[in-house]
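> any chance you can model this:
(one chain, ligands or ions: 2)
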Amino acid sequence: MRITVFGTGYVGLVTGACLADVGHEVLCMDVDEARITRLEAGEIPIFEPGLETLVKANVEAGRLQFTTDPTDAVAFGVLQFIAVGTPPDEDGSADLRHVLAVAGTIGEQMYGYKAVVNKSTVPVGTADRVREAIARGVAARGVEAEFDVCSNPEFLKEGSAIDDFAHGPRIVVGTDSERVRELMRECYAPYIRLQEKLMFMDVRAAELTKYAANAMLATKISFMNEIANLAERLGADVEQVRRGIGSDPRIGYQFIYPGCGYGGSCFPKDLRALAHTAEQLDYSAELLKAVEAVNQRQKQGMFTKLRQAFDGKLEGKVIALWGLAFKPNTDDMRDAPSRDLMEALWAAGARVQAYDPEAMKECRRLYGERDDLVLVADRIQAVKGADALAVCTEWKEFRTVDFAWLQQQLTLPVVVDGRNLYDPALMQQAGLLYYGVGRGDSLTARE
Ligand SMILES: NC(=O)C1=CN([C@@H]2O[C@H](COP(=O)(O)OP(=O)(O)OC[C@H]3O[C@@H](n4cnc5c(N)ncnc54)[C@H](O)[C@@H]3O)[C@@H](O)[C@H]2O)C=CC1
Ligand SMILES: O=C(O)[C@H]1O[C@H](OP(=O)(O)OP(=O)(O)OC[C@H]2O[C@@H](n3ccc(=O)[nH]c3=O)[C@H](O)[C@@H]2O)[C@H](O)[C@@H](O)[C@@H]1O
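Ligands and ions are numbered 1, 2, ... in the order given. Just a heads-up that it's a prediction; the model follows:
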């Protein structure tokens, strides 16, 4: 079937490429001309494992095309996917400007029936606003046009986006239209041959399902970070506790890794947006607020430990930083814990020598050239001449380290491990002062 996708970011491009890969004809539209020019030249604007190969193969096969032309885009697909950004507004609510702009475009350009499928993460009730925006565009032309609007939230994770899209546990579709159900069955049929994963529900339930899923996952992380902070003060190792509770299938092992706080383009913004929705309804969402507050505090944790280790004297110190991206296998630094750490270190007069396998360009774009930020070519250069090492992202290449070598590189020699990658006992044996997250040390507690 013919499908149009608005937006060629993480979600739009992955959706377009994956749907083309299973045989659909896909036209991806973006207002960002430079992005479309790059895509047409075979360049992928984001780092996402496997995406470049998938896009190229499907472009070559003639199933995937790109455009900036709204008329072509609306004319192309019977399904019109909206996968544009919903960044946080100043008050934390989701900014629907781009979603409603696409809806307006569809209304202004459509002829014949269209099923408009919203994939962006949007507050409950947005489908109604999308419907109104389309209807206004149609009415302004004095024509009649038939359309439906449904919700099809996306649950992919950056770094494993293609696999998540293709093999995710469920495909949620919120609609009250049988015609939409049929079209969505046809669209996703190649993904549900082995297992019936399509879940039809009401539009509002589908919209809320997306926020509830992200809020639940963020809650697990903040809960575990809270336990880690207690473990630090109690002299217990939270990694043993994690294994102890994860083995209970009612709890499970996933999303209970303590760390330096969750980042990325979704958990922080979606938690805030859901809390904002609650406020508008005069409901105080205590748990959501606590999840966010714990995360804010957690993001300061690595800096607090470094400040303690240097007795508050960070001025002029050089801190090696391994990992800038908010998680491995991405170049995305939106709300990354590394940013909180770097900004706090700079405010305290320290310098940062940083390395990340993929996010260096993004770091330079965000912070520009500055004396207190040196971006180096590998992890070894990052620790050369440094006083301490901080690890913010669990990239595979950071997992194995010659501790004796590391001990000789660092002047203090302190290692603050925001992802609990290393064995505290081995670190200590090598003469390193090791501070993980909830590993039984009480450095933070002494603040
Ligand atoms: N990044 C992720 O891992 C996930 C994101 N989401 C949600 O999906 C939505 C999209 O997120 P991302 O792909 O990360 O965003 P993004 O910021 O990477 O990409 C959005 C794209 O939309 C384009 N755009 C803006 N206005 C447009 C318009 N009027 N017409 C056509 N294109 C337009 C932008 O130029 C940009 O290329 C958001 O609501 C997000 O919360 C959902 C699941 C996963
Ligand atoms: O709505 C979205 O955009 C997406 O948000 C998250 O995906 P993503 O942000 O790409 O990455 P995650 O793997 O969820 O990691 C988010 C943050 O939580 C942190 N995290 C994750 C898991 C964990 O156990 N501990 C932990 O600190 C990660 O380091 C990272 O900073 C969700 O996992 C996806 O299902 C969802 O579609």
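> can you list the low-confidence ranges for this protein?
194, 442-447 (pLDDT under 70).
> how about the residues of the chain near ligand 2?
121, 154-158, 214, 217, 221, 255-257, 259, 262-264, 266-267, 326-327 (C-beta under 6 Å from any ligand atom). Every residue, glycine included, has its C-beta placed from N, CA and C.
> report the buried members of those residues.
121, 154-158, 214, 217, 221, 256-257, 259, 262-264, 266-267, 326-327 (16 or more other C-beta atoms under 10 Å).
> restrict the residues you listed to contacts with ligand 1.
Filtering these for proximity to ligand 1 by C-beta under 6 Å from any ligand atom leaves Thr121, Glu154, Leu156, Glu158, Cys266.
> inside helices: which ones of those?
Members of those lying in helices (criterion: DSSP state H): none.
> for the residue of the chain at minimum distance from ligand 1, phi and psi?
In the chain, no residue comes nearer to ligand 1 than Gly9, which is 1.9 Å away by C-beta to the nearest ligand atom. Dihedral pair for Gly9: phi -90, psi -160, per degrees, to the nearest 10.
> which residues in the stretch 1-150 of the chain form strands?
Using DSSP state E, counting those that start in this stretch, the strands found in the stretch 1-150 of the chain span residues 2-6, 25-29, 64-67, 79-82, 114-118, 147-151.
> residue contacts, the closest residue to the residue of the chain closest to ligand 1 other than its chain neighbours?
In space, and not counting its chain neighbours, Gly9 is closest to Gly85: 6.3 Å by C-beta to C-beta, 6 or more residues apart in numbering. Taking C-beta atoms under 8 Å, 6 or more residues apart in numbering, we find Gly85 in contact with Gly7, Gly9, His98, Ser120.
> dump those residues to JSON lines, plus neighbour count.
Formatted as JSON lines, the contacts of Gly85 follow (neighbours: other C-beta atoms under 10 Å):
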{"residue": "Gly7", "neighbour count": "26"}
{"residue": "Gly9", "neighbour count": "18"}
{"residue": "His98", "neighbour count": "18"}
{"residue": "Ser120", "neighbour count": "27"}
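> Thr71: which of those is nearest?
Among the contacts of Gly85, Gly7 lies closest to Thr71 (C-beta to C-beta), at 17.3 Å.
> distance of the closest one relative to Phe267?
20 Å (C-beta to C-beta, to the nearest Å).
> before we move on, what about Thr86?
14 Å.
> same thing with Val99?
20 Å.
> where does Glu207 sit, in terms of helix or strand?
In the assignment (DSSP states H and E), Glu207 maps to helix 203-234.
> how far does that helix sit from its chain's centre?
Between the centre of helix 203-234 and the centre of its chain there are 15 Å (C-alpha atoms, centre = their mean, to the nearest Å).
> now the helix or strand following that helix against helix 203-234, angle please.
Downstream of helix 203-234, the next assigned helix or strand under DSSP H and E is helix 238-246. Here the directions of helix 238-246 and helix 203-234 differ by 140 degrees (axes from the mean of the first three to the mean of the last three C-alpha atoms, to 10 degrees).
> what packs against helix 238-246?
helix 203-234 (3 or more C-beta pairs under 8 Å, 6 or more residues apart in numbering; DSSP states H and E).
> the helix it packs on packs against which elements?
helix 126-140, strand 147-151, strand 171-174, helix 238-246, helix 267-280, helix 286-309.
> mind putting those into TSV with distance to Thr53?
Converted to TSV, the helices and strands packed on helix 203-234 look like this (distance: least, C-beta to C-beta, whole Å):
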stretch	distance to Thr53
helix 126-140	33
strand 147-151	30
strand 171-174	24
helix 238-246	34
helix 267-280	28
helix 286-309	35
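> mind checking those for the one nearest to Cys187?
Among the helices and strands packed on helix 203-234, strand 171-174 sits nearest to Cys187 (C-beta to C-beta), with 9.3 Å.
> with that, I have no additional questions.
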